[in-house]
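**Q** Please work out how this folds:
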Amino acid sequence: MSDRQFSHPNFGNEARVEVAGREVRLIFVAASEAKADSLADSILSQLKNGAINMTMMGKVTSVTES
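**A** As a prediction, the model looks like this:
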């Protein structure tokens, strides 16, 4: 048993990193809208508390940089 639990296992298998001027966008493509909403809520909650912690489980099948 791992000492770390994943809040969003089996979220999806695509991630993108985009840079536009001073903005850096990390984009996860979810398996469903419900999973996307859940991750967004989790990220917003963590940011409001002053820190964000993400660990991706497994290897994504698509990573795109632009």
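**Q** use CA for all of it now, contacts and neighbours both
**A** Will do.
**Q** for E33, what are its contacts?
**A** Not one residue lies near E33 by Cα atoms under 8 Å, 6 or more residues apart in numbering.
**Q** Let me know how buried D41 is, in neighbour terms.
**A** D41 has 12 neighbours, counted by other Cα atoms under 10 Å.
**Q** Read off the pLDDT value for it.
**A** D41 is assigned 92 on the pLDDT scale.
**Q** Backbone torsions only: list them for it.
**A** phi -60, psi -40 (degrees, to the nearest 10).
**Q** Relative to R22, how far out is it?
**A** Plainly put, D41 is 24 Å away from R22 if you go by Cα to Cα, to the nearest Å.
**Q** ok, now T55?
**A** 24 Å.
**Q** Give the residue from those two that has the larger number of neighbours.
**A** T55 (11 against 6).
**Q** pLDDT wise, what is the more buried one at?
**A** So, for T55, pLDDT stands at 71.
**Q** contacting residues around the residue nearest the centre of the chain?
**A** For the chain, F28 is the residue whose C-alpha lies nearest the centre (Cα atoms, centre = their mean; 5.1 Å). Residues in contact with F28 (Cα under 8 Å, 6+ apart) are 12, 14-16.
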